[in-house]
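[1] What follows is a predicted structure for the sequence shown.
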Amino acid sequence: MLTEFRHIGIVVNDLDVSLHFYRDLLGLKVLKQMEEGGKFIDKVLGLQDIRVTTVKMGFGQSTLIELLYYHRLPRKDENSIKGICVNGLTHIAFTVKNLEETYGRLKKHGVGFVSDPEISPDRYAKVTFCKDPEGNFIELVEVLNGK
C-alpha cells in the first residue's frame with residue numbers, strides 16, 4: 001500500500017528562525033518553497049481562507065521535513081482539524097501508488113478522512129488527509145506527474 005516515506009510537517013511561528021535552524025545549523029537544503037491558499041488547500045485541510053508558506057527541506061531530492069508557516073491560524077471555535085495548524089509536528093506524509101484504492105480500503109475499515117482525495121492545482125498530485133488511531137494526521141499522496 002505505502003511506497004515510501006514522504007516527509008514530516010512542522011508548523012512554525014517564525015519561518016526565518018526555523019529556516020536558520022534547519023538550513024543553516026543542521027545543513028538541510030531547501031528543495032522547494034511555495035505559497036499555498038485557495039480552494040484546494042482549504043478543502044484538503046478542512047478549513048477556510050487558509051494561506052500557508054511551505055518549505056520542503058532535505059538532502060538531495062529526498063524530502064525529510066516540511067516547514068509550514070500559517071499566515072492566519074483558524075479561530076479557536078472552528079469545528080475542523082485545527083490541530084493541523086498547531087505548532088510542532090503536525091503530520092506524516094506517505095506516497096501511495098493508487099490513492100483512490102487506498103482511500104476506499106481505509107474508509108471500509110473505519111478510518112476517518114478530512115476530505116475525499118483532491119488533485120492539486122498544478123495537477124502534480126492527488127492528496128488526502130486521514131487520522132491514525134491516536135488522532136495523528138496522515139497525509140496520503142499519489143504523484144500524478146513527475147517522480
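    Structure received. Numbers count the residues shown, from 1 in each chain.
[2] Downstream of the lengthiest helix in the chain, the next helix or strand is which one?
    With secondary structure taken from DSSP state H, the chain has its longest helix at helix 99-108. Per DSSP states H and E, helix 99-108 leads on to strand 118-119 as the next helix or strand towards the C-terminus.
[3] which residue ranges form the helices in this structure?
    Going by DSSP H, the chain shows helices at 15-19, 39-45, 99-108.
[4] Check these for me and report the most buried one.
    Scoring these by mean neighbour count under mean count of other Cβ atoms under 10 Å gives helix 39-45 as the most buried, with a mean of 18. Using the backbone N, CA and C atoms, a C-beta is placed for each residue, glycine as well.
[5] Using PDB, list the CA coordinates for that one.
    The C-alpha trace of helix 39-45 is given here as PDB (Å, rounded to 0.1, in the frame of the first residue of the first chain):
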ATOM      1  CA  LYS A  39     -10.000  26.000  -2.600                       C
ATOM      2  CA  PHE A  40      -7.600  23.100  -2.800                       C
ATOM      3  CA  ILE A  41      -5.700  23.700   0.400                       C
ATOM      4  CA  ASP A  42      -8.900  24.700   2.200                       C
ATOM      5  CA  LYS A  43     -10.600  21.500   1.100                       C
ATOM      6  CA  VAL A  44      -7.800  19.100   2.000                       C
ATOM      7  CA  LEU A  45      -7.300  20.700   5.400                       C
END
